[in-house]
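**Q** Turn this into a model:
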Amino acid sequence: MSNLDSVAGYKDVVTGSREAPVDSPGAAQVRPASAPELKTLAAVAVCTLVIAALYFGQEVLIPITLAVMLSFVLSPVVNFLQRLRLWRAPAVIVTVLAALGVLGLIGTLIGSQAASLTVNAPQYAQTIEAKVQGVQGFAVARLASITKQLGSGKPAPGAAPTPATGTGLDVQRSSASGARKPVPVQVVSDGASPFTIAKVVLAPILGPLETTIIVLIVAIFVLMQKEDLRDRCIRVFGSTDLHRTTRAMDDAGQRLSKYFLSQLAVNTSFGIVIGLGLWAIGIPSPAMWGIMAGLLRFVPYIGSFLAAVAPAALGAAVDPGWIMAIEVIALFVVVEPLTGYVVEPMLYGHSTGLSPASVIVSAIFWSWLWGPVGLIMSTPLTLCLVVMGRHVKSLEFFDVLLGDRPALTPVESFYQRILANNPDEALAQAETLLTDRSLTDYYDGVVLEGLKLAVEDQARGTIDQDGAVRMTRSMLSVIADLRPSASATEPIASSVNAICVAGHGSFDDVVTAMLAQLLRQKGVEARRVPNASVSRETIATLDVTGIDVIAVSYLEVIGSPAQLRYLVRRLRERAPAARIIVGLWPQGEAALSDAAIQRTLGADRYVGSLADAVTQIAASPNTAAEAT
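**A** This is a model prediction of the structure:
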């Protein structure tokens with residue numbers, strides 16, 4: 001099969017149709033197997049059902065989700081105890097009891113600290129009331145001063161008298177109050193039983209206690225049956241692809257464990273620093289506020305600010321002035337940025353895999369579904385979705401929408417900007433990429449690959465001739481504006497003169513422009529020659545005086561080798577002493593590896609990258625002959 005047939009076959013595969021013969025029976029009755037609209041509607045219906053299930057089943061799903069998250073936190077501890085030769089069941093029990101002990105100590109500490117605040121609560125209330133009255137007095141005095149400055153304060157002529165300053169309103173109020181009769185109130189003793197009193201007291205506690213017990217039981221079960229649950233999940237979701245499913249589960253487990261442990265360490269350190277700072281400032285019960293600050297910091301973005309409200313208000317209640325409240329605010333303003341922008345990147349970097357926008361959107365979504373618990377669990381739940389999107393093809397949109405990886409590769413990004421006829425953004429992207437790579441690498445790895453996408457789209461008919469001309473003009477402007485770094489522009493000693501001849505394709509002029517620019521960096525006198533100048537009618541006028549190398553660029557697949565063979569023959573007749581190097585940029589072009597095709601075409605050298613082309617052209621004739 002010829003290359004031209006391959007291109008045609010590729011086009012048929014992409015477009016999904018090949019023109020049927022006229023006499024083909026039933027050719028006009030072919031219908032697609034499934035309409036995209038039905039798939040879209042089915043996906044919307046499934047998403048709606050999932051969201052409805054999450055909302056209406058939150059009483060069951062929240063404890064299970066909390067238990068799974070808790071198992072990720074406790075799993076490293078269980079593994080550590082197992083490495084100490086402890087059986088799994090005792091390791092799980094010891095770990096859970098230790099976690100309960102820590103939670104009990106934290107609860108006891110918070111309770112004792114909160115109880116100590118109630119002793120001086122009346123004094124704090126008086127201080128706050130005095131400050132409020134002071135602020136009100138200052139505001140009234142300021143308002144009176146502004147009113148006095150604006151005018152004398154007399155009412156305008158013809159204006160109605162203010163009811164509040166007259167006596168009519170007082171008479172109405174007194175008459176209204178006189179018309180009312182006192183309502184007799186009778187105090188009836190409540191003969192409630194001790195059981196009723198206990199029910200009223202314990203009712204607010206039973207709900208959280210029940211949830212806590214369920215979470216602990218499910219967490220113990222998950223820790224005890226970790227391997228069995230993993231195998232069952234693999235059996236249900238990925239038994240046909242054990243490698244991908246295992247990798248996805250390991251990735252999710254490692255990311256979640258790393259996230260939880262890192263956040264636990266960072267937030268614990270944050271709470272300790274805040275508690276010590278509040279103790280130094282003189283805020284009562286600093287340990288309680290430090291614990292609350294560490295817990296609230298699990299809430300994305302706003303947790304630290306919420307944690308600062310109560311200590312700042314208490315500082316205003318303790319101090320007759322405002323110094324203590326200002327110091328509390330300053331403490332949070334200093335510690336939070338240091339924790340978020342210095343400690344966290346040093347500890348684990350921003351490796352959760354979530355974009356900043358997705359963290360905010362997920363916090364809003366999960367808060368709407370599950371309330372405060374959803375806000376705390378929003379980041380790990382979204383992280384699970386992103387990990388699933390990276391390993392499950394049908395859920396890839398989660399990784400695209402919520403992940404921190406670029407949505408487009410550099411090649412796709414460059415091609416999109418050229419398609420949109422936006423050379424300025426393409427130039428900005430090029431300058432960014434050139435900070436850590438050479439111009440040759442950028443041309444080979446980004447621009448040349450983007451040109452291959454353009455050639456494929458042109459072969460499918462999605463790019464017409466006018467579009468190809470417009471895209472070529474944009475790419476040539478980007479190439480002309482690029483300024484390589486000084487280290488990349490140091491020329492080598494070369495006395496080679498070359499011409500870069502474009503093939504017959506629409507985008508071959510772009511390749512010759514890149515090649516000529518790279519050659520001039522290396523001290524080679526390079527000149528671009530369009531394809532029209534090497535046709536049978538015009539090649540006689542081609543100036544080849546002093547030319548050592550002729551480089552021919554073919555970006556498109558060679559549909560007819562005879563076309564390139566005759567072009568090489570014409571160039572050979574015109575410049576018999578020049579070396580002819582053919583650049584075949586399509587990936588996997590047969591002429592790059594088939595010696596028989598190379599002998600038929602008649603060139604001296606064949607290259608598949610701009611870097612190889614520059615090396616071969618800039619080499620001296622003796623070196624090139626030895627390499628050949």
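**Q** residues in contact with the helix or strand Ala43 falls within?
**A** Assigning secondary structure by DSSP states H and E places Ala43 in helix 36-56. Around helix 36-56, the neighbours that count as contacts under Cβ atoms under 8 Å, 6 or more residues apart in numbering are Leu61, Leu369, Trp370. Any C-beta I mention is one placed from the backbone N, CA and C, and that applies to glycine too.
**Q** That one: how far from the chain's middle?
**A** Relative to its parent chain, helix 36-56 has a centroid offset of 24 Å by Cα atoms, centre = their mean, to the nearest Å.
**Q** Now secondary structure and neighbour count too, for the contacts of helix 36-56, in a markdown table please.
**A** Putting those into a markdown table (DSSP: H, G, I helix; E, B strand; the rest coil; neighbours: other Cβ atoms under 10 Å) gives the following:
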| residue | secondary structure | neighbour count |
| --- | --- | --- |
| Leu61 | helix | 15 |
| Leu369 | helix | 18 |
| Trp370 | helix | 20 |
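**Q** of all these, which comes closest to Leu276?
**A** Here the nearest of the contacts of helix 36-56 to Leu276, counting by Cβ to Cβ, is Trp370; it sits at 33.8 Å.
**Q** The closest one and Gln58 touch, don't they?
**A** Yes - assessed by Cβ atoms under 8 Å, Trp370 is found in contact with Gln58 at 5.3 Å.
**Q** low-confidence ranges in the stretch 251-400 of the chain?
**A** Within the stretch 251-400 of the chain, the stretches with pLDDT under 70 are 346-353.
**Q** residue ranges for the helices of it, please.
**A** Across the stretch 251-400 of the chain, reading from the start of the chain, the helices by DSSP state H, counting those that start in this stretch fall at 286-296, 303-318, 323-338, 344-347, 356-391, 396-402.
**Q** re earlier: quick one: which of the contacts of helix 36-56 is nearest to Phe260?
**A** Looking at the contacts of helix 36-56 and their distance to Phe260, the nearest is Trp370, at 18.1 Å (Cβ to Cβ).
**Q** This protein: strands as residue ranges?
**A** Taking DSSP state E as the criterion, the chain carries its strands at 497-502, 525-529, 549-554, 579-584, 605-607.
**Q** Of those strands, which stretch is the most buried?
**A** Per residue and on average, the most neighbours among these fall to strand 549-554, with a mean of 26 (mean count of other Cβ atoms under 10 Å).
**Q** Mind giving me the packing neighbours of that one?
**A** Taking 3 or more Cβ pairs under 8 Å, 6 or more residues apart in numbering; DSSP states H and E as the contact definition, the neighbouring helices and strands of strand 549-554 are strand 497-502, helix 508-521, helix 561-574, strand 579-584, helix 610-618.
**Q** Any buried residues in the helix holding Ala43, and which?
**A** Across helix 36-56, burial judged by 16 or more other Cβ atoms under 10 Å covers Leu54.
**Q** Likewise for stretch 95-111?
**A** Of the residues in stretch 95-111, those with enough neighbours to count as buried (16+ other Cβ under 10 Å) are Thr95, Val96, Ala99, Ile110.
**Q** how much space is there between the nearest residue to the third one once chain neighbours are set aside and Asp250?
**A** Nearest residue to Ala99 in three dimensions, chain neighbours excluded: Leu74, at 6.3 Å (Cβ to Cβ, 6 or more residues apart in numbering). Between Leu74 and Asp250 the distance, using Cβ to Cβ, to the nearest Å, works out to 18 Å.
**Q** And for Trp585?
**A** Applying Cβ to Cβ, one obtains 40 Å for the distance of Trp585 from Asp250.
**Q** now Ile499
**A** Looking at Ile499 against Asp250, where the rule is Cβ to Cβ, the gap reads 56 Å.
**Q** try Gly101
**A** With distances defined as Cβ to Cβ, the gap from Gly101 to Asp250 amounts to 31 Å.
**Q** What of Leu515?
**A** From Leu515 over to Asp250 the distance is 46 Å, taken as Cβ to Cβ.
**Q** Can you check the pLDDT for Val478?
**A** Per-residue pLDDT puts Val478 at 90.
**Q** Which residues are in contact with it?
**A** Contact analysis of Val478 by Cβ under 8 Å, 6+ apart lists Pro423, Ala426, Leu427, Ala430.
**Q** okay, the residues you listed in TSV with pLDDT and distance to Glu210 next?
**A** Below are the contacts of Val478 laid out as TSV (pLDDT from 0 to 100; distance: Cβ to Cβ, whole Å):
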residue	pLDDT	distance to Glu210
Pro423	88	64
Ala426	89	60
Leu427	89	62
Ala430	89	61
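**Q** So which of the residues you listed sit within helices?
**A** Pro423, Ala426, Leu427, Ala430 (DSSP state H).
**Q** hmm, which two among those residues are most spread apart?
**A** For these, the farthest-apart pair by Cβ to Cβ is Pro423 and Ala430; their separation is 9.8 Å.
**Q** Spell out, range by range, the helices that occur in the stretch 51-200 of the chain.
**A** Read by DSSP H, counting those that start in this stretch, the stretch 51-200 of the chain holds these helices, from start to end of the chain: 58-83, 88-119, 121-150, 168-179, 194-224.
**Q** Serialize those helices to a markdown table and add fields for distance to Ser378 and mean pLDDT.
**A** Written out in a markdown table, the entries for the helices of the stretch 51-200 of the chain read as follows (distance: least, Cβ to Cβ, whole Å; pLDDT from 0 to 100):
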| stretch | distance to Ser378 | mean pLDDT |
| --- | --- | --- |
| helix 58-83 | 11 | 86 |
| helix 88-119 | 22 | 85 |
| helix 121-150 | 35 | 75 |
| helix 168-179 | 54 | 47 |
| helix 194-224 | 18 | 75 |
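**Q** tell me the most buried of these?
**A** Using mean count of other Cβ under 10 Å, the stretch among the helices of the stretch 51-200 of the chain with the greatest mean number of neighbours is helix 58-83 (a mean of 17).
**Q** okay, the angle between that one and helix 88-119?
**A** Inter-element angle recorded for helix 58-83 and helix 88-119: 120 degrees (by axes from the mean of the first three to the mean of the last three Cα atoms, to 10 degrees).
**Q** Next, the angle from helix 58-83 to helix 36-56.
**A** Taking the same axes, to 10 degrees, helix 58-83 and helix 36-56 form an angle of 80 degrees between their directions.
**Q** out of everything not next to it in sequence, what's closest to the most centrally placed residue in the chain?
**A** Residue closest to the mean C-alpha point of the chain, counted by Cα atoms, centre = their mean, is Asp404 at 2.3 Å. Closest residue to Asp404 apart from its sequence neighbours, by Cβ to Cβ, 6+ apart: Ser355 at 4.7 Å.
**Q** cool, and Val510?
**A** Nearest residue to Val510, sequence neighbours excluded (Cβ to Cβ, 6+ apart): Met475, at 4.7 Å.
**Q** Might you report the residue contacts of that neighbour?
**A** Residues touching Met475, when contacts are defined by Cβ under 8 Å, 6+ apart, comprise Ile418, Pro423, Ala426, Val447, Leu451, Phe507, Val510.
**Q** Specify which member of those is nearest to Val361.
**A** Ala426 (29.6 Å).
**Q** Against Thr409, how distant is the closest one?
**A** Applying Cβ to Cβ, one obtains 14 Å for the distance of Ala426 from Thr409.
**Q** ok, now Ser304?
**A** Remark: distance between Ser304 and Thr409 (Cβ to Cβ) = 36 Å.
**Q** between those two, which one's more packed in?
**A** The residue with the greater number of neighbours, taking Ser304 and Thr409 and applying other Cβ atoms under 10 Å, is Ser304; the counts read 21 against 13.
**Q** right, and that one touches Gly294 too?
**A** No - counting by Cβ under 8 Å, Gly294 is not a contact partner of Ser304; they are 10.0 Å apart.
**Q** shared neighbours, those two?
**A** With contacts taken as Cβ under 8 Å, 6+ apart, the residues that reach both Ser304 and Gly294 are Phe270.
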